[in-house]
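A.B. asks: Here is my input, please return the structure:
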Amino acid sequence: MQTPQHDKDSEQEDYEGITFEVVEDERDEGGRWVRNKGIYLLPNLFTTAALFSGFYAIIAAMNGRFEPAAVAIFVAALFDGMDGRVARMTNTQSAFGAEYDSLSDMVSFGVAPALVVFSWSLQSLGKMGWICAFIYAVAAAFRLARFNVQLDVVDKRYFIGLPSPLAAAIIASMVWAGFDNRIAGREHELAIAVAGITVATAFLMVSNFRYYSFKELDRSRVPFAVMLPIVLVFGIVNYDLPIGLLTVSLVYALSGPVATVWNRRKAAGASPTPS
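C.D. replies: This next block holds a predicted model:
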């Protein structure tokens with residue numbers, strides 16, 4: 001791959017002295033390399049909002065405010081889902097935005113859920129508790145790094161491994177449901193179960209299970225009957241918001257392993273038996 005050639009004097013001028021400018025090389029519509037200064041405002045504002053929500057979740061959990069902490073993680077997921085769509089709609093994708101989005105995701109869906117669940121429950125387990133929280137954070141980092149390097153080689157209809165926002169939704173809704181129902185997360189038996197769910201969620205993130213991405217539904221028509229289960233899901237979630245979110249998140253998390261086992265059994269049943 002050829003690297004773009006630029007005038008050395010102008011290149012030195014870009015990076016000389018005290019500056020806060022971002023300079024990145026991009027291809028224009030003619031396929032030529034051009035040097036652009038600055039960043040796109042709108043998509044990066046959404047990414048910053050997601051980062052702020054994740055940071056706020058950490059601060060809230062440190063002060064024992066677990067319900068706002070859990071809600072903040074869901075707000076971060078909402079902003080994270082919007083920044084990419086805004087960038088595509090306004091044709092403002094950039095390498096800087098992609099890197100910034102990954103770093104924001106690591107805070108909001110890696111570090112924040114790990115610290116929230118640790119503060120609510122896992123710290124009662126001592127060393128084992130923070131190790132489980134750390135395993136989750138590392139798995140989120142691995143998941144995001146793998147997603148970045150496989151972005152152009154995987155089927156866009158599927159995610160490889162549980163997406164980090166959905167993993168964070170499991171952890172956040174678990175904490176939210178427990179706190180909302182006045183369940184003491186630091187009771188030993190419950191803390192053991194929480195540790196198991198946290199580690200299992202971490203392994204699902206780094207697994208090779210395929211999860212449907214729903215991306216092809218953005219601009220495609222579906223049968224009218226498909227709206228009925230969607231309305232049912234909305235009803236379940238709204239009946240008891242934290243438990244409903246936890247239920248939906250767990251069902252999606254289990255869909256990957258269940259679909260894999262189903263497809264393997266289906267393939268084994270379809271294969272011809274030796275005579």
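
A.B. asks: how close does residue 265 sit to residue 233?
C.D. replies: The spacing between residue 265 and residue 233, counted by CB to CB, to the nearest Å, is 27 Å. Quick note: C-beta positions are derived from backbone N, CA and C, even for glycine.

A.B. asks: Equivalent analysis for residue 123, please.
C.D. replies: Distance of residue 123 to residue 233, given as CB to CB: 34 Å.

A.B. asks: who's residue 160 bridged to?
C.D. replies: With DSSP bridges applied, residue 160 shows beta-bridge pairing to residue 210.

A.B. asks: Run through the residues that contact it.
C.D. replies: 146, 147, 150, 154, 208, 209, 210 (CB atoms under 8 Å, 6 or more residues apart in numbering).

A.B. asks: If we use 7 Å, what do you get?
C.D. replies: The contact partners of residue 160, by CB atoms under 7 Å, 6 or more residues apart in numbering, come to 150, 154, 208, 210.

A.B. asks: I'd guessed residue 75 sits against residue 54; true?
C.D. replies: No - with contacts defined as CB atoms under 7 Å, residue 75 does not count as touching residue 54, sitting 9.1 Å away.

A.B. asks: Comparing the two, which residue is more hemmed in?
C.D. replies: Neighbours per residue, other CB atoms under 10 Å: of residue 75 and residue 54, the larger number sits with residue 54, 30 against 19.

A.B. asks: Okay, helices next: where are they in the chain?
C.D. replies: With helices called from DSSP state H, the chain shows them at 8-15, 41-62, 66-89, 95-106, 112-120, 127-149, 164-180, 188-206, 227-239, 241-270.

A.B. asks: rank the ones you listed by mean pLDDT and give me the bottom one.
C.D. replies: When mean pLDDT is averaged over each of those, helix 8-15 scores lowest at a mean of 55.

A.B. asks: ok, back up a step: so residue 265 and residue 233 - more neighbours on which side?
C.D. replies: Between residue 265 and residue 233, counted using other CB under 10 Å, residue 233 has the larger neighbour count: 14 against 10.

A.B. asks: Pull up the gap between that one and residue 227, please.
C.D. replies: 11 Å.

A.B. asks: again, but for residue 115
C.D. replies: Here the criterion is CB to CB. By it, residue 115 lies 38 Å from residue 227.

A.B. asks: which one of these two has more residues nearby?
C.D. replies: Neighbours of residue 115 and residue 227, each counted by other CB under 10 Å, are more numerous for residue 115; the result is 23 against 10.

A.B. asks: What sits closest to the more buried one if chain neighbours are left out?
C.D. replies: With sequence-adjacent residues excluded and distances taken as CB to CB, 6 or more residues apart in numbering, residue 115 is closest to residue 58, at 5.2 Å.

A.B. asks: Ok, residue 104 next?
C.D. replies: For residue 104, the nearest residue in space outside its immediate sequence neighbours is residue 51; the separation is 4.1 Å by CB to CB, 6+ apart.

A.B. asks: roughly how far apart are the one you found and residue 166?
C.D. replies: Using CB to CB, which is the criterion applied here, residue 51 is 19 Å from residue 166.

A.B. asks: now residue 192
C.D. replies: Using CB to CB, one gets 23 Å for the distance from residue 192 to residue 166.

A.B. asks: same check, this time on residue 244
C.D. replies: Here residue 244 is placed at a distance of 15 Å from residue 166 (CB to CB).
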